[in-house]
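Trainee: predicted model and sequence follow; I will ask about them next.
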Amino acid sequence: MNMASGLFLGSGYRGSRTHQLREAEQRRSRIYQAIVLMLVVTSLMGGYTYRLFNLQLVQGEQNRKRADNNRIRLVPMRAERGNITDRNGKLLAANRLSRSLYLWPKEQKPEEWSRTAKKLSDVLNIPAAEILKKLQKTGYKSAMPVRVGTALSQSAFVALAERAAEFRGVEVRPEASRYYPQGNLASQIVGYIGEASAEQLLENPDYPMGMIVGQMGIERMANKELSGVWGRRLIEVNAVGEELRQMGVDAPTPGTPVRLTLDMQLQKTAEAALAQRRGAVVVLDVKTGAVLAMASGPSFDPNIFTRQIKTSEWERLQSLDEPFINRALQGYPPGSTFKIVTAAAGMQSGKFPPDTYLFSSSAIAVGGILFHEHGGGYGTIGYRDAFAFSSNTIFYQIGMAVGADEIAKWGRKLGIGETTDLKLLGLDGGTHGSLPTPAEKEKLYGEPWYIGDTVSMSIGQGLVLATPLELAVMVAAIANGGYRVKPHILAAKTNTAETKPEPSGMSPDTVATIADGLVAVVEKGTAKMLNDGSIPLTAGKTGTAEVFGQEDNAMYVAFGPASNPEIAIAVVVENAGYGGVSAAPIAKQVFQTYFSLPKTQK
């Protein structure tokens with residue numbers, strides 16, 4: 001009994017001991033678990049704390065900038081270009097409200113933009129490759145918008161609005177766009193605008209992407225004044241790119257207006273009379289050298305460059321005969337209009353004074369070659385009739401006696417060649433005339449000078465070239481008493497020291513004799529069709545210049561009125577035949593318009 005009781009008690013003790021050990025083990029396990037959990041939590045908290053420390057303190061500035069780039073945008077604001085007007089304030093280039101399309105590169109991934117560009121191409125009629133090229137040039141990570149379309153049509157605007165959900169990062173923005181209210185009028189002078197090329201952006205680091213600059217004519221020459229200064233807006237946007245608020249504005253500064261010396265009425269008349277034929281008309285103020293009209297045919301409409309040019313429009317431009325060339329600044333054989341220079345050389349040399357009379361025959365033989373008269377010969381005549389009937393043999397004799405060097409000298413003094421400063425004029429693509437001397441011919445062509453070269457030179461043929469602008473300067477020197485004017489197109493330069501006319505060196509008698517001869521041309525000579533009483537008496541000289549393998553060019557230079565002259569005119573019509581038939585009527589129309597202008601506009 002006692003033994004059994006002892007066994008029972010011993011077994012109970014051992015069970016209790018085992019239970020206690022098990023509980024102790026469980027407590028230790030829970031402690032270990034708690035320690036591990038605390039270590040895990042501590043590690044996690046430490047990691048988060050380190051990450052927070054790293055983001056806020058170590059990388060804080062960088063991340064704040066990155067967040068701002070996503071939240072804040074700097075939007076460029078185009079400056080309105082200054083207007084271009086004629087001398088009376090009539091608009092030649094202005095601005096009007098239109099819509100332009102901008103893309104925000106960061107709003108889509110490159111592969112997404114590829115798909116979007118295809119959709120936009122259908123709406124805008126712009127090749128997708130061209131849209132992507134602009135994005136690539138700016139960079140897909142750029143925070144600045146890229147302009148890909150201007151002057152959006154109403155249909156394009158509606159289509160973009162209806163499909164706005166498809167075009168994330170696409171913005172239609174109202175802004176001023178260039179407008180040429182007169183269309184083709186004076187297009188080679190006014191020029192046109194376009195986005196700055198890669199070269200122009202490199203040359204001007206301050207230009208924003210999409211900067212509009214002048215590409216030709218006054219738009220290019222006066223681009224700095226016309227452009228103004230672009231502004232910018234600082235805005236905050238939400239996650240989908242919608243504007244929340246404006247944070248600041250740096251307003252754009254509009255461009256400065258530019259006033260030209262052109263008279264719109266004279267320009268219109270000159271271009272209408274030229275009628276898109278190849279040629280040019282120049283009208284100068286004989287006292288100041290201000291260019292009152294400068295027409296060149298054919299011309300073009302600069303409005304097509306204010307938007308995405310259509311293929312059909314570009315093809316039509318290419319079909320025209322070089323419409324971007326300003327033919328008023330290109331060299332032509334001057335023909336008999338050059339007899340003004342030969343006469344000046346003859347009288348100023350002292351060999352053929354104003355009262356000279358010479359015999360004109362049907363032709364003269366020089367080196368076994370016959371050089372023919374303009375008509376059948378006029379007998380013994382002086383300068384007045386030599387000009388009136390455009391006698392060739394009279395000027396042959398003068399030219400051979402004074403020589404090519406003397407003729408070239410007086411051609412330069414009267415404005416042909418580099419004595420007419422094209423930098424002052426400032427227009428694109430201009431050239432100077434050519435007055436080669438015997439030494440220059442030898443140098444340029446490796447050939448000797450022949451007496452026949454002098455004969456041809458004396459009547460404006462052979463190697464002689466003069467631009468319509470230079471011919472206008474030449475005849476203006478006769479009109480104003482012997483001063484070589486300095487042609488200019490900016491009204492601000494008129495009557496300044498920079499444009500003050502220079503004495504040509506002709507004596508008063510020489511000037512008066514030539515002027516009297518030019519009046520006789522209109523009174524009884526080859527331009528008497530201008531003496532019909534419809535306008536005051538004017539003075540002029542016809543010219544018919546030979547062009548190898550083609551019909552002759554028609555030339556005419558003039559000034560008017562005959563007494564107290566005010567304007568000088570030069571007209572060239574390519575391959576149009578006689579100057580008195582094709583060129584002089586154009587000058588007559590210009591005179592009619594000029595004499596009908598109110599005195600306040602002259």
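Mentor: Thanks, I have the structure now.

Trainee: after the worst-scoring helix or strand of the chain on mean pLDDT comes which helix or strand?
Mentor: One helix or strand of the chain scores below all others by mean pLDDT, DSSP states H and E: helix 60-71, with a mean of 52. The C-terminal neighbour of helix 60-71 among helices and strands, as given by DSSP states H and E, is strand 72-77.

Trainee: element containing residue 245, please.
Mentor: strand 243-250.

Trainee: equivalent analysis for residue 556, please.
Mentor: strand 550-560.

Trainee: strand partners (parallel or antiparallel) of that strand?
Mentor: strand 539-547 (antiparallel), strand 567-573 (antiparallel) (DSSP bridges).

Trainee: kindly compare burial across the ones you listed and name the winner.
Mentor: Stretch with highest mean neighbour count among the strands paired with strand 550-560: strand 567-573 (a mean of 30; mean count of other CB atoms under 10 Å). In this view, the C-beta of every residue, glycine as well, is placed from N, C-alpha and C.

Trainee: what's the mean pLDDT across it?
Mentor: Averaged over strand 567-573, pLDDT sits at 98.

Trainee: I'd like the strands paired with strand 550-560 as TSV, with distance to residue 597 appended.
Mentor: Shown next, in TSV, are the strands paired with strand 550-560 (distance: least, CB to CB, whole Å):
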stretch	distance to residue 597
strand 539-547	20
strand 567-573	10
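
Trainee: wait, which of these is closest to residue 473?
Mentor: strand 567-573 (7.8 Å; CB to CB).

Trainee: now do the same contact list for the residue minimising distance to the centre of the chain.
Mentor: In the chain, the centroid-proximal residue (CA atoms, centre = their mean) is residue 216; its distance is 1.1 Å. By CB atoms under 8 Å, 6 or more residues apart in numbering, the contact set of residue 216 is 188, 191-192, 324, 428.

Trainee: how about those, which pair is most distant?
Mentor: Those two in these that are separated most widely, counting by CB to CB, are 192 and 428, at 11.1 Å.

Trainee: any common contacting residues for those two?
Mentor: With CB under 8 Å, 6+ apart, residue 192 and residue 428 have common neighbours 216-217.

Trainee: more neighbours, those two?
Mentor: Neighbour comparison, residue 192 and residue 428: the larger count goes to residue 192, with 23 against 18 (by other CB atoms under 10 Å).

Trainee: list the contacts of the more buried one.
Mentor: 180, 214-217, 219, 302, 305-306.

Trainee: cool, and residue 271?
Mentor: Neighbours of residue 271 in contact, by CB under 8 Å, 6+ apart: 184-186, 281, 295, 297, 299.

Trainee: change it to 6 Å
Mentor: Applying CB atoms under 6 Å, 6 or more residues apart in numbering, we find residue 271 in contact with residue 295.

Trainee: can you check residue 542 too?
Mentor: Listed by CB under 6 Å, 6+ apart, the contact set of residue 542 reads 526-527, 556, 579-580.

Trainee: what about the contacts of residue 192, which are in helices?
Mentor: 217, 219 (DSSP state H).

Trainee: hmm, which two among the contacts of residue 192 are most spread apart?
Mentor: 217 and 306 (14.2 Å).
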